[in-house]
Every structure is written in C-alpha cells, then in structure tokens.
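A.B. asks: requesting a structural model of the entry that follows:
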Amino acid sequence: MIEIWKKTELDRLTRAHGFRCSKAWGQNFLVDRNVLDKVVQGAELSKEDHVTEIGPGAGALTVLLARSAGSVTAVEIDKRLIPMLQEVTEGLENVTIIRDDILEYLKRHNGDGSLCVQEHKENRPHCVEKLVGNLPYYITTPIIAGLFEPGKDGIRPAPPELAVFMVQKEVAERLLSPPGKKTYGAITVLVQYYADIELLSTVSQDVFTPRPNVDSAIIRLRPKDLSGDDKETASKMFRLVRSGFDMRRKTLRNSLAASGFPAEDLASALEISGIDPVRRAETLSPRDFYDLASKL
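C.D. replies: Next up, the predicted model:
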C-alpha cells in the first residue's frame, strides 16, 4: 500500500503523473498521519458505514477511510487526480472513485434522505451515510449550507448521519461562534439550528503541501432531531435570518421591516417572544429566531 501521507511518497507520485496543485481549486494535500487519523476517528466508522469523501486529492484519507468503513465513494472534480487515486487505491475493493463536482453530486444524491449511490444501496441495504472531506475554502459554505438549508421549494434535504470536515480555522470559529460575536452570522445560525457542532482539533498549516497561509480545524457536525419543529416555521425562520444579517447594523425592528415584514405583525411577534425590538440579529440564538418565526 502506498503511504501517500508521507511527503516523499506524495512527491514521487505527483512527479510520476506530472501533477501540480491548482490554486484555483484550493489544493493543499495533508501529509501528517496523526491528523488524518483524527479525521477518521472523528467519523466514528464501522463496517456498516458508507462514506462519501469530498475532494480526496491524492487519496491519503481515502485509504484510511477504506480500512474502517464498509465502503467509500471518493468524489473528485480534477480529472488529473483520477489516475493517481486509482493507483493509490488499487486493490481496495470497497472504494469507488467518481469524477464529479461535489455540489452537483450532493444535489443528486441527498434529496431522498440518503447519499448512498444506487450500487451501494443494492449491495449494502443497511449502509449508513457519512460525509468526510478536506474542504477547499471556496466551496466550504455552499457545501455546509447545502446540507441543511431548505431549497426554493421549501423542502429541506436530508443530511448525512454525521459529517467530519477539515476547514479553515476562521470558518470553524464562525460556525462555532456564540451570539453577540462578530464571527456570528447567518451560516452560524443555520448550522447551529440543524446540527450539534464540535471542534475536534486545530491543524497547523505546516502539515500541508503546498503550505497554505492559514491554519485549519477539524469539525464534526451531528444533525439534531428536529421532528418536533414545524418545517414551514423553519423555512420562514431563515427568511428572518437572512433579512436580519443582510442589515446587521440595524435593529431587528428596522431590518425586518425593511425586508417586507408588516410592522404591526412584527411588533406583536417581538413582544410575544420577549425580544427587545432594538436588539440586532447577531444577538439572537437559533432558537430565538425559530420562536420569533413561529409567532409571525
């Protein structure tokens, strides 16, 4: 087995395939076995699990996931990496490599409550879907928001059972932020409403090649049981969230009124919810937003 997490092996492989990392796709390969093991451990894998890996790169994490999971689907957009992935995963019968845009792939595969592709459904009827990946900065928010945010039709996609992502440290700080902080924003409310989020580890920029300019963090998202919440209210809630944070320097009363919420209804809902109308969006918790939406 190729130990692709070793820089010497990675350098040999990339030279053999004439590969150079693309800045446009945010390609920084992890070359630290200890950090990779933390990602795998965070995914809480068993042989009953099917994992979709986002952007496997040269396959270092793919190999380790395959050792612990029942099956792995590695979705990679860069066609230049496919031959390298095939070489690194040769002999691993539980790995499927797919060349695709992960955003398009997830749209096609998570609408019915499972990200498992059909061949895995047929062969592993009890497979449990988990999502793992080292996310490039430019698609971090679209991927995470896309797991939870209701679509234009108001339907919320069914998220995976568990997701473990490596993201830029500043993104992790934003997702974990409490209300009242500058880092607290609309994406924070979205993620914290739908999932419990944990910081598993911070990761130095020194364990990547090429070396990025910022540190990273490993986070774990575990979707909450929201069966007791009203889906229509949740959809309305995110209209409130977007409106509040689009004009985050304004008071709630002013920002929401400017977004078209009737002044009388808004004043009544704020009063019933016990929310001071001069507060700003960044001071409300996800549950505060839900309660306000339920009163409108």
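
A.B. asks: where in the stretch 151-296 of the chain is pLDDT low?
C.D. replies: 151-157 (pLDDT under 70).

A.B. asks: one more time with 80, if that's ok
C.D. replies: Scanning the stretch 151-296 of the chain for pLDDT under 80 picks out the ranges 151-159.

A.B. asks: which residues in it form helices?
C.D. replies: 169-176, 186-194, 231-246, 252-258, 263-273, 286-295 (DSSP state H, counting those that start in this stretch).

A.B. asks: buried ones in stretch 83-101?
C.D. replies: By 16 or more other C-beta atoms under 10 Å, the buried positions in stretch 83-101 come out as 84, 85, 88, 89, 92, 94, 95, 96, 97. Placement of C-beta: from N, CA and C, glycine included.

A.B. asks: for stretch 217-228, same thing?
C.D. replies: Neighbour-count burial for stretch 217-228 [16+ other C-beta under 10 Å]: 217, 218, 219, 220, 221, 223.

A.B. asks: still on that earlier bit, deepest of the helices of the stretch 151-296 of the chain, which one?
C.D. replies: Most buried of the helices of the stretch 151-296 of the chain by mean neighbour count (mean count of other C-beta atoms under 10 Å) is helix 186-194; its value is a mean of 22.

A.B. asks: quick one on the thing from earlier: identify the farthest-apart pair in the buried residues of stretch 83-101.
C.D. replies: Farthest pair in those (C-beta to C-beta) is 84 and 94. Separation: 18.8 Å.

A.B. asks: pop the domain breakdown of this structure in here.
C.D. replies: According to automatic domain parsing, the chain comprises the domains 7-223, 231-295.

A.B. asks: how far does the shortest one stretch from one end to the other?
C.D. replies: Taking C-alpha to C-alpha, to the nearest Å, the first and last residues of domain 231-295 lie 14 Å apart.

A.B. asks: for residue 4, what are its contacts?
C.D. replies: By C-beta atoms under 8 Å, 6 or more residues apart in numbering, the residues touching residue 4 are 10, 13, 58, 59, 60, 63, 88.

A.B. asks: surely the last one is in contact with residue 58?
C.D. replies: Yes: under the criterion of C-beta atoms under 8 Å, residue 88 is in contact with residue 58, at a separation of 6.4 Å.

A.B. asks: what is in contact with those two at once?
C.D. replies: Common neighbours of residue 88 and residue 58 (C-beta under 8 Å, 6+ apart) are 4, 13.

A.B. asks: how many neighbours does the closest residue to residue 284 other than its chain neighbours have?
C.D. replies: In space, and not counting its chain neighbours, residue 284 is closest to residue 179: 6.2 Å by C-beta to C-beta, 6 or more residues apart in numbering. Around residue 179 there are 17 other residues, counting by other C-beta atoms under 10 Å.

A.B. asks: same check, this time on residue 134
C.D. replies: Per other C-beta under 10 Å, the neighbour tally for residue 134 reads 26.

A.B. asks: now do the strands in the stretch 101-250 of the chain.
C.D. replies: Taking DSSP state E, counting those that start in this stretch, the strands of the stretch 101-250 of the chain run over residues 128-134, 162-168, 195-203, 208-209, 216-223.

A.B. asks: quick one: strands adjacent to the first one?
C.D. replies: Applying DSSP bridges to the sheet, strand 128-134 is found paired with strand 49-54 (parallel), strand 162-168 (parallel).

A.B. asks: now render those strands as JSON lines, adding mean neighbour count.
C.D. replies: Below are those laid out as JSON lines (neighbours: other C-beta atoms under 10 Å):
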{"stretch": "strand 49-54", "mean neighbour count": "26"}
{"stretch": "strand 162-168", "mean neighbour count": "24"}
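
A.B. asks: tabulate those (JSON lines), appending distance to residue 278.
C.D. replies: As requested, the strands paired with strand 128-134 are arranged in JSON lines below (distance: least, C-beta to C-beta, whole Å):
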{"stretch": "strand 49-54", "distance to residue 278": "42"}
{"stretch": "strand 162-168", "distance to residue 278": "34"}
